[in-house]
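[1] With the input below, show me the fold.
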Amino acid sequence: MGIPVKLEAFEGPLDLLLHLIDKNKINIYDIPIIEITGQYLEYIQNMETRDMNIMSEFLVMAATLLDIKSRMLLPKEVKEEGEEDPRQELVDKLLEYKLYKHMSSELRDRQQDAEQIMYKQPTIPGEVLAYRPKTSIEELLGDITISKMHAIFKSVMKRQVDRIDPIRSGFGRLEKEEVNMDATWEQVEGYIRERRTCSFRMILGKQKTKMQMIVSFLVILELIKMGKISTTQDDNFEEIYIHALQEEE
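    As a prediction, the model looks like this:
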């Protein structure tokens with residue numbers, strides 16, 4: 001009967017690889033892939049779990065390690081930027097995972113610190129809250145005279161005048177323009193259906209205000225989206241024509 005061995009639980013294959021690299025004090029940028037692959041496969045053989053979802057993740061990484069191992073035994077490919085290292089993609093994933101793991105550990109520590117902070121509702125007596133120190137008129141006024149108060153008043157009024165914008169202050173009142181969307185829709189669609197073909201300029205020319213033109217333009221876009229009308233233009237900056245389509249189209 002063999003001696004039972006308790007294995008550490010890892011969150012995933014990248015977590016196991018980082019453990020093996022730290023355990024063997026290996027430079028992550030120069031991983032001895034043959035040694036790491038052997039230790040990784042040994043761990044998989046001794047895994048106690050039979051959950052296929054978990055096992056599949058570790059088996060995929062095992063296949064990746066074997067692929068890297070086989071490519072390292074072949075002659076290295078030389079490209080314009082230099083020799084390609086088969087381990088580079090794995091190294092990038094390990095560095096990224098290590099960064100996320102460090103960030104999650106930092107956030108967990110901050111959460112634990114925040115859980116130790118206690119707050120207390122204020123229990124100050126009402127008499128203390130309602131207390132207001134008495135004000136002495138003599139101390140408040142001090143050496144203030146009528147002439148000084150008049151100078152202060154003139155200074156305050158001058159600042160109020162300086163704050164007025166000489167341009168915007170002459171603007172009239174902006175009134176909100178109400179536009180009936182349903183009525184505009186019926187008007188635009190009826191106009192196009194009646195003429196079958198008309199220009200975009202003719203429709204906008206029937207509107208009286210800028211807001212009505214904007215709403216009419218939105219109605220035309222919606223009718224195009226619904227497939228009720230189509231548009232044509234012979235050339236850039238030429239007249240845009242709107243054509244009513246048959247209902248079955």
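
[2] which secondary structure elements does the helix or strand containing M202 contact?
    When secondary structure is defined by DSSP states H and E, M202 falls within helix 200-205. On a contact count with 3 or more C-beta pairs under 8 Å, 6 or more residues apart in numbering; DSSP states H and E, helix 200-205 meets helix 181-195, helix 210-225, strand 240-244. Glycine gets a C-beta too; all of them are placed from N, C-alpha and C.

[3] So which bits of that helix are buried?
    The neighbour-count check on helix 200-205 (16 or more other C-beta atoms under 10 Å) flags F200, I203 as buried.

[4] Check which helices and strands the top helix by length along the chain is in contact with.
    Residue-count comparison of every helix in the chain, with assignments taken from DSSP state H, identifies helix 88-115 as the longest. Secondary structure elements in contact with helix 88-115, counted by 3+ C-beta pairs under 8 Å, 6+ apart, are helix 13-23, helix 52-73.

[5] Show me which parts of the first one are buried, residue by residue.
    Just to be clear, that refers to helix 13-23. Within helix 13-23, the residues that count as buried by 16+ other C-beta under 10 Å are P13, L14, L16, L17, L18, L20, I21.

[6] Which of the helices and strands packed on helix 88-115 sits closest to K154?
    helix 13-23 (75.0 Å; C-beta to C-beta).

[7] hmm, who's touching the closest one?
    Applying C-beta atoms under 8 Å, 6 or more residues apart in numbering, the contact partners of helix 13-23 are 8, 10, 26, 28, 31, 36, 39-40, 43, 57-58, 60-62, 90, 93-94, 97-98, 101.

[8] how many degrees apart are the helix or strand just after that helix and helix 88-115 in direction?
    The helix or strand immediately downstream of helix 13-23 is helix 33-45, counting by DSSP H and E. Between helix 33-45 and helix 88-115, the angle formed by their directions is 60 degrees, by axes from the mean of the first three to the mean of the last three C-alpha atoms, to 10 degrees.
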